[in-house]
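Undergrad: Here is a sequence together with a model predicted from it:
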Amino acid sequence: MSVAKRSSAIKVIAILNLVGGFLGLLGSLINLVTLAIGPGAFSPPNAAQNPFDGVAMDVFLVANATGYRAFQYTSLGTSLILDILLIVSGFGLLYYKKWARGMAITYAVLSLLLKVALLVYQFVIFIPAMNSFIDEASSNAPPALQGVAGVMKATLYAGVIFSMVFAVYPVVVLSILLSKSGKAAFEPLPPEDDYEDEDEDDYDDRRDRFDDRDRPKRPRDEDRYGERDDRGGRY
């Protein structure tokens, strides 16, 4: 009887899902609080003198980046859903539950779709709007803040590259869970009696294979070369 193999890669995915899910949930909650309070709550007292202030940037993006506010809320809501999928599926994968495999696959597909949508929005709308804001702010900035423009632009593209690196994980999850061994890991194991019967059958097979009592005996020398006479000769 074939026995389903418990792949250790499933355990690794389960642990990574739990770690990533809890860290992502923490980040999503921080973003939720930031959106609820508004960027002005975290601005220093002399923020009005800084053209790169978060309040000024938020006002500019709302006015010049199409769908910016909807983009913020949509990305936050989907991130919360993905975090919950990661956490719940992580616990289920630890015990090789079939529903957890389906949930982890759902997470991977949604995560890839979200990352593609975010990538398109960033390159088409968000980054051009941010570059316009940085150029406008740097033109009015004092000499001490001129270098901030280059740092902000570099941070934009670094964030895009960072998100693309994280897109590797859902691809790995799909490749493992959709593989033959990944499917077999979630098949139910046979009861313990089947293991015992299988071991006994193997033992019986080995015993029969090495038991030579029923094998035909090899002919003796006198049978092969003729019987000997009393004088030691042959006839």
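TA: Structure received.
Undergrad: CA atoms for contacts and neighbours, from now on please.
TA: OK.
Undergrad: So which elements touch the helix or strand hosting S75?
TA: Taking DSSP states H and E as the criterion, S75 maps to helix 68-94. With contacts taken as 3 or more CA pairs under 8 Å, 6 or more residues apart in numbering; DSSP states H and E, helix 68-94 sits against helix 8-37, helix 54-64, helix 98-121.
Undergrad: List the buried residues of that helix.
TA: The neighbour-count check on helix 68-94 (16 or more other CA atoms under 10 Å) flags 68, 71, 75-76, 79-93 as buried.
Undergrad: Quick one: mean pLDDT for stretch 36-44?
TA: Mean pLDDT, stretch 36-44: 67.
Undergrad: let me fix that: stretch 160-180
TA: Mean pLDDT, stretch 160-180: 90.
Undergrad: quick one: low-confidence ranges for this structure?
TA: Applying pLDDT under 70 to the chain flags the ranges 1-6, 40-50, 142, 144-146, 189-235.
Undergrad: 80 instead, please
TA: Residue ranges of the chain with pLDDT under 80: 1-7, 38-53, 139-149, 188-235.
Undergrad: follow-up on the earlier one: could the helices and strands packed on helix 68-94 go into TSV alongside distance to S132 and mean neighbour count?
TA: What follows is these, written out as TSV (distance: least, CA to CA, whole Å; neighbours: other CA atoms under 10 Å):
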stretch	distance to S132	mean neighbour count
helix 8-37	23	16
helix 54-64	9	16
helix 98-121	16	18
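Undergrad: would you turn these into a markdown table with distance to K180?
TA: Shown next, in a markdown table, are those (distance: least, CA to CA, whole Å):
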| stretch | distance to K180 |
| --- | --- |
| helix 8-37 | 13 |
| helix 54-64 | 48 |
| helix 98-121 | 13 |
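Undergrad: quick one, which of the ones you listed is nearest to M152?
TA: M152 lies closest, by CA to CA, to one member of the helices and strands packed on helix 68-94: helix 54-64, at 11.7 Å.
Undergrad: Tell me what angle the closest one forms with helix 68-94.
TA: Helix 54-64 and helix 68-94 are oriented at 100 degrees to each other (axes from the mean of the first three to the mean of the last three CA atoms, to 10 degrees).
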